[in-house]
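Novice: With the sequence up front, the predicted model follows.
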There are 2 protein chains.
Amino acid sequence: MKVFITGGGGFLGYRLALRLLERKTLVGPEGKPVSISQIRLFDAAFPPNPDARLQCLKGDIAEPGAIIAAMDSDTSSVFHLAAVVSAGAEADFDLGYRVNLDGTRNLLEACRKLKTPPRMVYASSLAVFGGKLPAVVDDNVTPTPQTSYGTQKVVGEYLLNDYSRKGFLDGRSLRLPTIVVRPGKPNLASTSFASGMFREPLNGLVCECPVEASTELWILSPRQAIESFIHAHDLHSSAWGANRALTLPGITISVKDGIEALRRIAGDEVAARVVLKPVDRIQTMIRTFPARFNAARALAMGFAADAGIDAIVKDYIASEGIKL
Amino acid sequence: MKVFITGGGGFLGYRLALRLLERKTLVGPEGKPVSISQIRLFDAAFPPNPDARLQCLKGDIAEPGAIIAAMDSDTSSVFHLAAVVSAGAEADFDLGYRVNLDGTRNLLEACRKLKTPPRMVYASSLAVFGGKLPAVVDDNVTPTPQTSYGTQKVVGEYLLNDYSRKGFLDGRSLRLPTIVVRPGKPNLASTSFASGMFREPLNGLVCECPVEASTELWILSPRQAIESFIHAHDLHSSAWGANRALTLPGITISVKDGIEALRRIAGDEVAARVVLKPVDRIQTMIRTFPARFNAARALAMGFAADAGIDAIVKDYIASEGIKL
């Protein structure tokens, strides 16, 4: 079984690849675990010295023909994580559409040309929701994105549904909560602070948080996100039915909750490194993302949330080998 | 004020152009009626001997650069009716995406480059709905298209919303009911019979109806559709808010209701020319289109339905000059 990961050089994509190396199998078309014979990552850039068992291909997903040339014709599993993130797509309208829409269409067309229709797991986002929303968003709420990123993601979901209906591929779209804690550096995502407010203080740095303490987020740990990608892949097609998109379970935390968790785990001095400096542009965008969901469908399908913010932060500290 | 109509050679597009000639004005950016100085139609083909006051440009909407080359830079009003219809887009997947998605994106990009953001009225469709639906569909129901055509239409709506949000244009998407009675010949739309079952018998021909008598449809007359396009254009931007898509009011009729109307108006002999010959492929597709709507939002905004099926059929007979 051959696996193809777009955005494979990114944090989640690369970590998914490592997890698949460790796991060694994915569920195949017969519904049973099959050995993974190839993991190919496609991205514009990769971490230095990637694991030698991974095939890393540099390329531009939006370039016509690039994806089809990069995939073996007997690829059976595709994870589509490549994207220009929220604030990035908002700042550069053309780039966002080029990567997030043209790129997705290129990938769908490449999948359509494979020997057998592959399973495809697509990283969508809770940014498909926005504007006037009920206090708790459930699976019946109509996506009304208030950003170009959210628009591109919901369009991708509709395309995945249509390609799945036509039998060109077997798609599954996951609306990801905000991923916390991402290691490394801040990125262009408007939610970048949601990781930074833990990561920077634990690394001895100040984090300027661009939203108010009461601002709520719907979050998921990287570990649980990776498990969700794999679970989404391994579920039988019939578990998905005609609507291949769902919101992943997460937990709701406020910025204040996060600071208090940091205080409990790492002490007052570390918690004091979070400095609230609301920035209108970011606060406005974040307020359009809902923070409370009823993810009943995903829970019934066996997806799971994290135990709580303390568990997420402790897991980050342990996996990064941070000394308190 | 310059008006640009895609699909301007088609039945609705051309009829809209004639109505604008008669009307002479549209509401301008200041909220007051402004004289129409140019009506330019863009399509792959046109009726023979078009009205000399209309500028008819032949072209391919999906060809990169074709639309921008065809539009004057001070175009202020765009009506986007060009589309590959439902069964056509289902039969030719690539053609459907090329015209209905690439074509729409070309048009949106062309509008973005105009001197001032134009008003754009987009012909969407009730085909954005499908699958398991409530008995009555209202404006809160999430589009779940079961056809490529419906997918392309809902994607177009999302793009129009995003381009409107960014201020590149001022978009308005109308989910059109099935238009009845279309003159001329049957087309590739799966709902073609809905016009054929009136048109052919009134012309002395038999109409083979590919669905059962109990099959219900949500319909709108061509005359009322044209008035709705104009009303959608003339409404102030603030009347639309963030969600620029709505379902137009229509009336629900069953095939049986239609046959009975034909009998009342044209007699038993004419009504007997409707022969029911259900075709699985068509019946299945039609069943995914809902037939009962609560169009509260549209009604509140001043859109109107037809008085009834008898009025629609009588209007068709009068406007086509048919002798009973």
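Specialist: It's in. Numbers count the residues shown, from 1 in each chain, chains lettered A, B, ... in the order given.

Novice: And the lowest-mean-pLDDT helix or strand in chain A, what does it pack against?
Specialist: Counting by mean pLDDT, DSSP states H and E, the weakest-scoring helix or strand in chain A turns out to be helix A:280-287, with a mean of 88. Counting contacts by 3 or more Cβ pairs under 8 Å, 6 or more residues apart in numbering or on different chains; DSSP states H and E, helix A:280-287 is packed against helix A:86-91. Every C-beta, even on glycine, is put in place using the N, C-alpha and C of the backbone.

Novice: Can you mark which positions in the helix it packs on are buried?
Specialist: For helix A:86-91, a neighbour-count test (16 or more other Cβ atoms under 10 Å in any protein chain shown) marks A:86-90 as buried.

Novice: which residues touch it?
Specialist: Helix A:86-91 is contacted from outside by A:83, A:95-97, A:100, A:125, A:127, A:147-150, A:152, A:187-192, A:282, A:285, using Cβ atoms under 8 Å, 6 or more residues apart in numbering or on different chains.

Novice: With stretch A:284-299 instead?
Specialist: With contact meaning Cβ under 8 Å, 6+ apart, stretch A:284-299 is reached by A:86-87, A:90, A:126-127, A:129-131, A:133, A:135-139, A:146-147, A:178, A:190-191, A:211, A:215-218, A:246-250, A:252, A:303, A:305.

Novice: Drop anything exposed from these.
Specialist: Neighbour-count burial (16+ other Cβ under 10 Å) applied to the contacts of stretch A:284-299 gives A:86-87, A:90, A:126-127, A:129-130, A:133, A:137, A:139, A:146-147, A:178, A:190-191, A:211, A:215-218, A:246-250, A:252, A:303, A:305.

Novice: Show me which residues of the stretch 1-150 of chain A sit near chain B.
Specialist: A:93, A:131, A:140-146, A:148 (Cβ under 8 Å from any Cβ of the partner chain).

Novice: Take these and keep only those in helices.
Specialist: Mapping those onto helices (DSSP state H) picks out A:93, A:148.

Novice: Could you turn the buried ones of the residues of the stretch 1-150 of chain A next to chain B into a PyMOL selection?
Specialist: Buried residues among the residues of the stretch 1-150 of chain A next to chain B (16+ other Cβ under 10 Å), as a PyMOL selection:
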select buried, chain A and resi 141+143+144+145+146+148
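
Novice: which of the residues of the stretch 1-150 of chain A next to chain B sit farthest apart?
Specialist: Across the residues of the stretch 1-150 of chain A next to chain B, the longest distance by Cβ to Cβ is 30.4 Å; it joins A:93 and A:140.

Novice: got a markdown table for the buried residues of helix A:86-91, with distance to residue B:107 too?
Specialist: Supplementary listing: the buried residues of helix A:86-91 in a markdown table, determined by distance: Cβ to Cβ, whole Å:
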| residue | distance to residue B:107 |
| --- | --- |
| A:86 | 26 |
| A:87 | 27 |
| A:88 | 26 |
| A:89 | 21 |
| A:90 | 23 |
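
Novice: Can you add distance to residue B:165 and pLDDT and give these back as TSV?
Specialist: Formatted as TSV, the buried residues of helix A:86-91 follow (distance: Cβ to Cβ, whole Å; pLDDT from 0 to 100):
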residue	distance to residue B:165	pLDDT
A:86	14	84
A:87	15	86
A:88	17	90
A:89	13	94
A:90	10	92
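
Novice: Could you give the number of residues near residue A:167?
Specialist: When neighbours are counted by other Cβ atoms under 10 Å in any protein chain shown, residue A:167 registers 9.

Novice: Could you give the number of residues near the residue lying closest to it once chain neighbours are set aside?
Specialist: In this structure, residue A:167 finds its nearest non-sequential neighbour in residue A:117, 6.0 Å apart by Cβ to Cβ, 6 or more residues apart in numbering or on different chains. Neighbourhood size, residue A:117 [other Cβ under 10 Å]: 19.
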